[in-house]
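*Asks:* Dropping a prediction and its sequence here:
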Amino acid sequence: MKKTFILLLLWMTGWSYGQDLSGLQLVADYPFAGNADEQTGNYQPANTHNVTYGGGAVYSNGIYQGNGDPNYCWIETDDIQELTGNKFVIKLDVKIEENYKPVFVIGDLYLWLSVDIFSNNELRVLTYETGNFNGCYNSGFIAQLNTWYSLGIMYDATTRKLEFYVDNVKKIDTILQGDLDHHNETNLLNTNRAWGKAFKGYWKNLKIYGISGGSNSLAVLHHNVFNIYPNPAEQFIKVDFAYEQKANIRIRDMQGKILMQQEVNNHRYIDVSSLSKGIYQVEYIYNNRTYIQKLIK
């Protein structure tokens, strides 16, 4: 009876309980319970430096890589290509030990989405959006240090709708001024280079949901395997792939429709002048796995 009353109260006050996962699949799963392995098999283990494990979680000591301290802590997932899709959800359990720090960040050199804890312990979502707009969205939620919270982010690119949850209760529900401008960086980290700071505390149960299916269910971004340039492009792109001298290249729109498909020699150009301005996926298939780079035109 008490639980029913609480749920009714949440509905009446406009809060939603839990992220909408309809149409999404679990595409990346990093428990961080004793190692950095990814559990679905879609992605490689996270890159880590100077982390410790305990209590079913990974610990980040808050020492930033760029300050010259060799004891810096680094946690970085593989490139999660579904974060460039039309909709994604990120869930992560955290225990924060220090404020005015990032909690998690997407993008290394070109960070475009982060959850941070400010000096007053409020959790906020920071974004980088098209039009050079830096968004700061206040949750109004004041976190207690050394307390476990389950955080959630939902983004729908078709509507630019952003939602942020704490313990499955919606704290932010907004429409962004511009599209999230990810510049093909889709790794999730414990470090914010813009701040020169690293998260201090514990992570566990990182789960990322996205729109995936068919050959894209095993698609990953790896710049050392496959690359295209210039990007953004106007008329031609040049392809560079590591494992073959000739390969089939496909170009899809963001709805998954194949627009172009051709066999290309390594270091050769593809004419993309017929494509309208927008965002596309360029696919390179090798050894039954699809590697993707985002193309901006």
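*Replies:* Everything's here; your move.
*Asks:* okay, CA-based contacts and neighbour counts for the rest of this
*Replies:* Will do.
*Asks:* Per-residue pLDDT of residue 3, please?
*Replies:* With respect to pLDDT, residue 3 has a value of 46.
*Asks:* Then residue 17?
*Replies:* 64.
*Asks:* residues of stretch 165-174 that come out buried?
*Replies:* 165-166, 168-173 (16 or more other CA atoms under 10 Å).
*Asks:* for stretch 193-208, same thing?
*Replies:* 193, 197-208.
*Asks:* Repeat that for stretch 33-53.
*Replies:* 33, 35-38, 42-46, 48, 51-53.
*Asks:* State the pair within these that is farthest apart.
*Replies:* 42 and 52 (24.4 Å; CA to CA).
*Asks:* would you turn the buried residues of stretch 193-208 into TSV with distance to residue 269, secondary structure and pLDDT?
*Replies:* Converted to TSV, the buried residues of stretch 193-208 look like this (distance: CA to CA, whole Å; DSSP: H, G, I helix; E, B strand; the rest coil; pLDDT from 0 to 100):
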residue	distance to residue 269	secondary structure	pLDDT
193	34	coil	87
197	41	strand	96
198	41	strand	97
199	42	coil	98
200	46	strand	98
201	47	strand	98
202	46	strand	98
203	43	strand	98
204	44	strand	98
205	42	strand	98
206	39	strand	98
207	38	strand	98
208	34	strand	97
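*Asks:* any idea which of those residues is closest to residue 182?
*Replies:* residue 193 (15.2 Å).
*Asks:* can you tell me which residues contact that closest one?
*Replies:* 108-109 (CA atoms under 8 Å, 6 or more residues apart in numbering).
*Asks:* Can you pull the poorly scored residue ranges out of the stretch 151-297 of the chain?
*Replies:* Along the stretch 151-297 of the chain, the model assigns pLDDT under 70 to residues 212-225, 243, 255, 286-290.
*Asks:* which residues of the stretch 1-150 of the chain score low on pLDDT?
*Replies:* Looking along the stretch 1-150 of the chain with the criterion set at pLDDT under 70, you get 1-17.
*Asks:* Helices of that one, residue ranges please.
*Replies:* Taking DSSP state H, counting those that start in this stretch, the helices of the stretch 1-150 of the chain run over residues 2-12.
*Asks:* residue boundaries of the strands in it?
*Replies:* For the stretch 1-150 of the chain, the strands defined by DSSP state E, counting those that start in this stretch cover 25-30, 47-49, 52-54, 57-61, 74-76, 87-96, 101-106, 113-117, 122-129, 133-142, 148-156.
*Asks:* Pick the most deeply packed of the ones you listed.
*Replies:* strand 101-106 (a mean of 26; mean count of other CA atoms under 10 Å).
*Asks:* Pairing partners for residue 61 in the sheet, please.
*Replies:* In this structure, residue 61 bridges to residue 200 when assessed by DSSP bridges.
*Asks:* how does this structure divide up, domain by domain?
*Replies:* Using automatic domain parsing, the domain parsing of the chain gives 16-214, 222-296.
*Asks:* list the contacts for residue 48?
*Replies:* Counting by CA under 8 Å, 6+ apart, residue 48 touches 36, 73-76.
*Asks:* for residue 60, same thing?
*Replies:* 51-52, 73-75, 190, 198-203.
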